[in-house]
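Participant: What follows is a predicted protein model with its sequence.
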Amino acid sequence: MIAESHPAGEPTVARAQEWGKMWFRFRQSSLSVAGLGIVVAIVFCAVFAPVLAPHPRHAGSFVDFENSLRPPSLKNPLGTDDAGRDILSRMLFGARISVSLSVIVLGIAVAVGIPLGLIAGYWGGRLGDAIMRVTDVFLAVPPIALALAVTAALRPNLTNAMIAIAFAWWPWYTRLVYGQVLSLKEEQFVEASRGLGAGPLRIAFREILPNAWSTILIKVTLDMGFVILTASGLSFLGLGAQPPTAEWGTMIAEGRIYLPGYWWAATFPGLAIFMTVLGFNLLGDGLRDVFDVHIEQWQAGS
Amino acid sequence: MGFRTYVLRRILHMIPVMVGLSILIFVISRVMPGDPVRLALGPEANIEQIEQLRRLMGLDKPVHMQYISYVAGVFRGDFGYSLLTRRAVAQDLKDFFPATFELTTLAMILSILLGVPLGVRAAVRKDSLEDHLNRVVALAGVALPRFWLAILLQLAFAYHLGLLPTIGRGPAPASQITGLYLLDSLLTLDFNAFIVSLKHIAMPAFALSVGTLAQIMRLIRASMIEEMRRDHALAARSYGLPSNLIIYRYLLKNAFTSTLTIIGLSYGFLLGNAFLVERVFAWPGMAFYGVDTLLAKDFNGVIAVTLVVGVAYAVTNLLVDILYGFIDPRIRYGEG
Amino acid sequence: MIRQRHLATALAAIVAVALIALPASVSSQVREVPFTHIEQQIITAIDPAGAVDESSMHSAINLYDPLLYPNVEKGTMEPRPHLAESWTISPDGKTYTFKIRRGVKFHSGREMTAEDVAFTMDRVLRIKRGFFWVWAPVLEPGSAKAVDPYTVRFQLKEAYAPFLGTMLLLFVMDKDLIMANLRPGPHGEFGDYGASLLERQDAGSGPYRMEKWERATEMVMARFDAYWRGWKPGQITKVFYKTVVEEATVKTLIISGQADMVNQWLSPPSFLELKQVPGIVVKEDPSVQLFHLLMNTKKPPLDNLKVRQAISHAFNYDIAIQQIFVGATKAKGPVPVKVPGWNPSIVTFGRNVARAKQLLSEAGFKPGDITIEYLWITGVPMERLIGLLLKSNLEEIGIKTEILGEPWGRVVERAAKAETTPHITAIFDTLKYPHVDSHTYGMYHPSCWGTFRCMSFYENPAVTKVLEQARRSVDTTEQLKLYKEAQALIVKDAPSIYIANPLHRIAFRDYVKGYRYVGLLGFDTAFYDFTVAK
């Protein structure tokens, strides 16, 4: 609505300037930049894993028991696991799995949670009440407890772990968007477009939603790490990815029995999760400062 | 709206949520593949025995009837029969809940006691090296897989340093009143037992608390910075009050009020993480039991644990709100 | 004021407790010998009629006495006198008469009699849990009768070769105690048959009394002073039997000295690690365990003998034995090589990839046609590694493998039907009673279908016939000949990939003496046998 009222060229320039300002503010905090760096590095690893990994076959069905549990060396910079596979190579491929796992889970959570939040917030009424009541039910237990109950009902594997986590995750987005809609609903620009005869669908998706994006984006960024943490918790209990999948949580779960003697098997995948969660958190904090948004990121469990 | 009406309304609001939760978990447990009765009876059971136990547990009735009789049972304090432990689930909960309650409560206290001062320091020295360090350490607390941290703590404190016992709750104090070992040993003035219990609970409570600690620290830091920007802090400083006094008398009280709001939620997450931490420390609590019932597909156990977690979580939030009202009487109980 | 009164009450309570406790500790001259044992699986039942897993067997062996006992002194599993001093068997092999030892006291203080033995047998047969399946083919309630207070007679429906061995599993219970504590339950006049009583205490005559049982984490057992075999200094007076799931934690406990002994389920690398630690003994014995991968012969394409043979030829046995088990005997058929009655002339499959490929194409399959599911038990890391090896071996002959780990309970459950049972399941199978029958009839007679031991769903009328003959035969030489014949026939049909009789490893502190490997489920952890010399 606002964009349409301007001549074609101007908003692009204005937006570029806006972005420039934000980037400047973002750069003020070295921690935020560090977070961005970590996230970029992880995504880079995920994309180029086949090229970067010294032994790409080790992420698959390759085994070499003669070389099991070797300490870090030139050949295997981070040592080998109990099946003689190169831990570094598996960690690089693990970045693919962990990042895509997070993206998929949050994709589902956003796709389900946001429309429901919009409907509940904008239309309200009996339907809205019903949606929020259901959301309350899902929010009544910590996500990992709910995800655990769901995985127990399914066959343990990566796909089902994703389904279970998404099942426990969407209500947080419904609640977030619901709150946003309630506060934006009475804003002038919404009133204005309502006055101009815009339909409720248009208002909800074209006016309210774009103004909630920054909040949602920050939450998604922060959640990226928490989803990986939750997945690793499921893997720890044997309810996550199955061998030979090189998922970080599964790698820790498989390697942890060899602590303390063969410490590298669980420590490096643990560090990978740690760095990833740290990176996304720093980035999320940075974005929060830039957009000057207050959301309480206390819900995401690990 | 009066305070009492408000509390009453909150409690009433809990009812549909708990009913919904029980239906949700009930449905999930009934779609679990396979046959928990067969699981419970063991590898050698025959069809006749399986049918017998099935009837005994009412599993031959339609699902909605099963649900109704389950709910009726809950109101009598009967959560059904656990296929895992082969006794009443209510008895299991009675045995396991105190351990989890003690652990999560201590973890909460620990988070507040450490998180608040750290947050204040970080805020006062905003953008200093110490502040950055604090923030990174705090984030690290959030970012560590909890079970991994638990194992690392064991290796450090039990294995390398030999300071703390690796697992368990230790021996129960001679007389049990509440089932909380720390409290019981204090009440009976059994200081030896208190120290033993404290040594056992130290590591699991710390492993559990790090995430919450970090969150409290971050929140305190943020709200302190905001408070300091506000006028009254400036005014107080201009009156020449010593700065420590300002920090603690005026700023912290306000900052703490906002922290209180997240304590309810954090408690839920402590409960969630307990599912992983109790396992590593062989802590005989409800979360440990919960995971076991889950793996054994002992659905009566799963439903009961989930409901208790839900209620504990809801009650904590309610208590926090009530407390909130005492600390900050400006809050009006209208929107809830 | 109120607070002060509470304080006074508390103080009074402390004084009272101290007064009660003090004389007791002064009067007892026994030096306490505490002992901490770590197990990675929970005790599911202390009712010996419900015990089938190793941890529950541990509780039964220490809290109760079986009628007969394995001859551990001679290092064999052969039954020797225990609660029964002697026995006679009728020539037709259908009547067993046992003379009961006099002066054996239950923990209640009452003397054990033949009545209790008959009661125990009836109870197992009515409850139909635990090891009841061992007796169900030949006994029914009432088959065991007390002839006089010290004589009990079992009347079998037909001759039953392993019968004497099964008496190691009959843990005699205190009839009066159970009958005095019945609660309503599903067993008619017997109500719950003592189930609720056995939640709180044991009903045995064994060397230890159950003092405390915190489910899933700890059982405390204390010396039973009036135990009939008597006590010597240095024997363990108090057992802390703890359940700890995490392997790293288990190692920490024994290395730091918080535990005196840890169970056999640690991985080989962990035992290697413990071997390096001064003060810890890792005892290794050739086991009478069988580790095999059961192939579901009712599930296509494994219903095709050639496919099963191909898979048996594709597997790399040497790597499994040397590098995953780090020392083991290659399994030669279903019967562990140390068990009397094992057939040494069996020819087993060896790795031969070319032959495997040929068999597969003879069966009409092209590479890529077959995908199979491999099931392993979470918590047994070796089975995961075997799965990885199998996957990589089968890839060489063009078979795809999906590896799936599930908890033990779920494995048992999937075993119920051939349709739900996966293509291949990894199982460690310990001898259930000291007889070759356990690993032949118990695994390959169709009557066992539905249990985890029979996930092959094997059926060969010729084998069934030989097994039935063997069980019924009274002549020992004839009996063993038949069991050997059955083994040879079974192996030809390739219902399993027979991998290893692994080494049995257990770790304890070096001051623990008297440990011996027995081979029967749970019998090596009889705390009465141990002494501590610190």
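Facilitator: That came through, no problem.
Participant: Low-confidence ranges, the stretch 201-336 of chain B, go.
Facilitator: Judged against pLDDT under 70, the low-scoring parts of the stretch 201-336 of chain B cover residues B:230-252, B:254-256, B:258, B:325, B:327-336.
Participant: 80 - rerun?
Facilitator: Counting by pLDDT under 80, the low-confidence segments of the stretch 201-336 of chain B come to B:224-262, B:264-265, B:296-297, B:321-336.
Participant: Around chain A, which positions in it sit nearby?
Facilitator: Proximity of the stretch 201-336 of chain B to chain A is confined to B:211, B:215, B:219, B:261-262, B:265-266, B:268-269, B:271-273, B:275-276, B:279, B:290-291, B:294-295, B:297, B:302, B:306, B:309-310, B:313-314 under the rule Cβ under 8 Å from any Cβ of the partner chain. Using the backbone N, CA and C atoms, a C-beta is placed for each residue, glycine as well.
Participant: Make a ChimeraX selection of the buried ones in these.
Facilitator: When burial is assessed using 16 or more other Cβ atoms under 10 Å in any protein chain shown, the buried subset of those is captured in ChimeraX by this command:
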select /B:211,215,219,262,265,266,268,269,271,272,273,275,276,279,290,291,294,295,297,302,306,309,310,313,314
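Participant: Now residue A:164. Nearest residue, chain neighbours left out?
Facilitator: Nearest-residue entry for residue A:164: residue A:150, 3.8 Å, with adjacent residues in sequence omitted and distances by Cβ to Cβ, 6 or more residues apart in numbering or on different chains.
Participant: doesn't the one you found fall inside a helix?
Facilitator: Yes - according to DSSP: H, G, I helix; E, B strand; the rest coil, the state of residue A:150 is that of a helix.
Participant: That one and chain C: what is the separation?
Facilitator: According to Cβ to the nearest Cβ, to the nearest Å, residue A:150 and chain C sit 16 Å apart.
Participant: I figured that residue hits residue B:29, correct?
Facilitator: No - judged on Cβ atoms under 8 Å, residue A:150 makes no contact with residue B:29 at a distance of 10.5 Å.
Participant: Show the contacting residues for residue C:404.
Facilitator: A:155-157, A:242, C:373-376, C:422 (Cβ atoms under 8 Å, 6 or more residues apart in numbering or on different chains).
Participant: got these as a markdown table, with pLDDT and distance to residue B:150 columns?
Facilitator: Compiled in a markdown table, these are given as follows (pLDDT from 0 to 100; distance: Cβ to Cβ, whole Å):
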| residue | pLDDT | distance to residue B:150 |
| --- | --- | --- |
| A:155 | 84 | 28 |
| A:156 | 87 | 22 |
| A:157 | 90 | 25 |
| A:242 | 92 | 24 |
| C:373 | 97 | 33 |
| C:374 | 98 | 31 |
| C:375 | 97 | 29 |
| C:376 | 95 | 25 |
| C:422 | 97 | 33 |
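Participant: Please report the confidence value the model assigns to the closest residue to chain B within the stretch 51-200 of chain A.
Facilitator: Scanning the stretch 51-200 of chain A for proximity to chain B using Cβ to the nearest Cβ identifies residue A:142 as nearest, at 2.9 Å. The predicted structure scores residue A:142 at 87 on the pLDDT scale.
Participant: Test my guess that it contacts residue B:268.
Facilitator: Yes - using Cβ under 8 Å, residue A:142 and residue B:268 qualify as a contacting pair, with a distance of 4.8 Å.
Participant: where does the stretch 51-200 of chain A have low pLDDT?
Facilitator: Looking at the stretch 51-200 of chain A by pLDDT under 80, you get A:152-153, A:185-191, A:193-200.
Participant: For it, list the residues in contact with chain C, please.
Facilitator: Counting by Cβ under 8 Å from any Cβ, the residues of the stretch 51-200 of chain A near chain C are A:61-63, A:65-66, A:68-69, A:82-83, A:155-157.
Participant: so which of the residues you listed also contact chain B?
Facilitator: Counting by Cβ under 8 Å from any Cβ, residue A:155 from these sit close to chain B.
Participant: In CSV: the residues of the stretch 51-200 of chain A next to chain C, plus neighbour count.
Facilitator: Conversion of those to CSV gives the following (neighbours: other Cβ atoms under 10 Å in any protein chain shown):
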residue, neighbour count
A:61, 19
A:62, 19
A:63, 27
A:65, 21
A:66, 10
A:68, 22
A:69, 20
A:82, 24
A:83, 26
A:155, 13
A:156, 23
A:157, 19
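Participant: The residues of the stretch 51-200 of chain A next to chain C into a markdown table, with extra columns for secondary structure?
Facilitator: Putting these into a markdown table (three-state DSSP) gives the following:
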| residue | secondary structure |
| --- | --- |
| A:61 | coil |
| A:62 | coil |
| A:63 | coil |
| A:65 | helix |
| A:66 | helix |
| A:68 | coil |
| A:69 | coil |
| A:82 | coil |
| A:83 | coil |
| A:155 | coil |
| A:156 | coil |
| A:157 | coil |
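Participant: and residue C:110, how many neighbours?
Facilitator: Residue neighbour count, defined by other Cβ atoms under 10 Å in any protein chain shown, stands at 15 for residue C:110.
Participant: Count the neighbours of the residue lying closest to it once chain neighbours are set aside for me.
Facilitator: Nearest in space to residue C:110, with sequence neighbours left out and distances taken as Cβ to Cβ, 6+ apart, is residue C:176 at 6.2 Å. Residue neighbour count, defined by other Cβ under 10 Å, stands at 14 for residue C:176.
Participant: same check, this time on residue C:469
Facilitator: If you count neighbours by other Cβ under 10 Å, residue C:469 ends up with 15.
Participant: and if you look at residue C:240?
Facilitator: Residue C:240 has 20 neighbouring residues, counting by other Cβ under 10 Å.
Participant: so it touches residue C:218, yeah?
Facilitator: Yes - taking Cβ under 8 Å as the definition, residue C:240 is a contact partner of residue C:218 at 6.6 Å.
Participant: Out of the residues of the stretch 201-336 of chain B next to chain A, which are close to chain C?
Facilitator: Within the set of these, contact with chain C (Cβ under 8 Å from any Cβ) is found for B:279, B:295, B:297.
Participant: and which of these is nearest chain A?
Facilitator: The shortest gap between chain A and any of those belongs to residue B:297, at 6.5 Å (Cβ to the nearest Cβ).
Participant: Wait, a helix at that closest one?
Facilitator: No - Residue B:297 sits outside any helix when classified using three-state DSSP, being coil.
Participant: Could you list the low-confidence segments of the stretch 151-300 of chain C?
Facilitator: Low-confidence segments of the stretch 151-300 of chain C (pLDDT under 80): C:185-186, C:215-216.
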